[in-house]
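Chemist: pasting the sequence and the predicted coordinates here, then a few questions.
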Amino acid sequence: MKSVAESYRLGFATIRTIVSETCAAIWEILGPDVLALPTPEQWRQHALDFEREWQFPNCVGALDGKHVQMEKPINSGSMNYNYKGYCSIVLMAVVDAKYRFTYVSVGANGQESDGGVWGACDLAQMLEAQGSGGEQVLPGPQPLPGSAEPLPHVLVGDEAFPLREHLMRPFPGSALTTEERRVFNYRLSRARRTSENAFGILAQRWRVYRGPIGCSVATTKLIVQATCVLHNVLREKELSRGGPGGYSCVAPEERGEVGGLREVTDVGATHNHPQQAAGVRNSLVRYFSGAGSVPWQLDSIRR
């Protein structure tokens with residue numbers, strides 16, 4: 001903000017107000033159109049995209065969270081202080097197969113656990129309610145290609161998230177006792193990296209993520225929300241022009257640990273999961289090593 005103030009010969013307080021108001025306008029006016037929660041039909045289209053691009057059928061999105069690093073707010077105590085040793089707020093997002101955000105939740109305190117952040121999100125609560133007979137959010141179960149067994153549509157996440165009927169996570173290292181399970185982890189990782197790539201694109205485009213954001217918590221939240229909205233606007237323009245992507249091989253350092261945008265990890269936590277969720281994952285394990293196998297998967301897991 002100081003560099004912008006100097007460039008335009010305006011007062012720092014004026015620039016601070018302009019940035020805050022502009023980000024709020026982007027979120028409030030563009031956000032409902034660009035980041036509206038998908039309908040069941042739109043989720044189904046995302047599933048087709050994941051099947052075509054990443055060979056993971058019935059996957060509607062990749063779930064991930066990032067710590068947005070910020071300077072310590074005045075009189076905040078340890079509220080935003082995370083286990084990595086800096087202050088942050090959490091950006092929790094679902095990303096589609098084309099690196100667009102389909103859902104974001106911004107503003108959870110950095111000290112909160114990943115499971116707690118996701119559990120408090122309205123999308124997580126709606127998905128839990130759907131499983132208990134509530135309003136339908138995701139499409140109903142559908143057979144996988146080449147299989148007659150109907151399986152629910154799911155999100156994919158890393159080991160930081162709990163295993164649920166609508167949320168698949170990889171097997172931990174101690175449970176990788178068979179080649180089929182390693183294949184499942186590989187296939188899930190391929191689909192899940194769309195979220196890593198989306199965060200990498202976000203961090204590359206917006207200079208504000210290259211270090212701690214020196215704003216209040218409220219302003220930092222508005223900045224993150226606005227950049228997510230503008231990210232989707234730019235991705236839509238690229239796709240409409242026939243552009244790639246081209247982001248399938250974003251380097252790890254550009255995807256996750258870029259300056260002020262860092263991984264949310266689950267340190268030493270364990271998750272109890274329902275039998276239905278384990279059943280869905282086991283069905284996918286059998287499918288990926290059977291009718292849904294791809295030619296290169298065994299070479300990939302044996303490297």
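Modeler: Done, it's in.
Chemist: flag the helix or strand of the chain with the lowest per-element mean pLDDT.
Modeler: Least confident element among the helices and strands of the chain, by mean pLDDT, DSSP states H and E: helix 252-255 (a mean of 44).
Chemist: tell me where the longest helix sits in the protein.
Modeler: helix 179-205 (DSSP state H).
Chemist: please spell out which residues along whichever helix or strand comes after that helix are buried.
Modeler: Following the chain from helix 179-205 toward its C-terminal end, the next helix or strand by DSSP states H and E is helix 217-240. Across helix 217-240, burial judged by 16 or more other Cβ atoms under 10 Å covers 217, 219-232, 235, 238. C-betas here are computed from N, CA, C, even on glycine.
Chemist: pLDDT wise, what is the residue nearest to residue 114 when sequence neighbours are not counted at?
Modeler: With Cβ to Cβ, 6 or more residues apart in numbering as the criterion, residue 114 has its nearest non-adjacent residue at 4.3 Å, and that residue is residue 160. Model confidence at residue 160, given as pLDDT, is 88.
Chemist: can you give me the neighbour number for residue 160?
Modeler: With neighbours defined by other Cβ atoms under 10 Å, the count for residue 160 comes to 21.
Chemist: so it makes contact with residue 92?
Modeler: No. Counting by Cβ atoms under 8 Å, residue 160 sits too far from residue 92 to count as a contact (10.6 Å).
Chemist: could I get the full set of helices for the chain?
Modeler: 2-8, 12-25, 31-34, 40-54, 114-120, 122-131, 179-205, 217-240, 252-255, 275-288, 297-302.
Chemist: other SSEs contacting the first one?
Modeler: Other helices and strands packing on helix 2-8, by 3 or more Cβ pairs under 8 Å, 6 or more residues apart in numbering; DSSP states H and E, are helix 12-25.
Chemist: also the fourth one?
Modeler: Packing partners of helix 40-54 (3+ Cβ pairs under 8 Å, 6+ apart): strand 59-69, helix 179-205.
Chemist: equivalent analysis for the last one, please.
Modeler: Of the remaining helices and strands, those touching helix 297-302 by 3+ Cβ pairs under 8 Å, 6+ apart are helix 179-205.
Chemist: and the helix it packs on, how far from the chain's centre?
Modeler: Remark: helix 179-205 is offset 10 Å from the chain centroid, using Cα atoms, centre = their mean, to the nearest Å.
Chemist: buried sites along it?
Modeler: Buried residues in helix 179-205 (16+ other Cβ under 10 Å): 181-203.
Chemist: that helix to helix 275-288, inter-axis angle?
Modeler: Angle, helix 179-205 to helix 275-288, by axes from the mean of the first three to the mean of the last three Cα atoms, to 10 degrees: 100 degrees.
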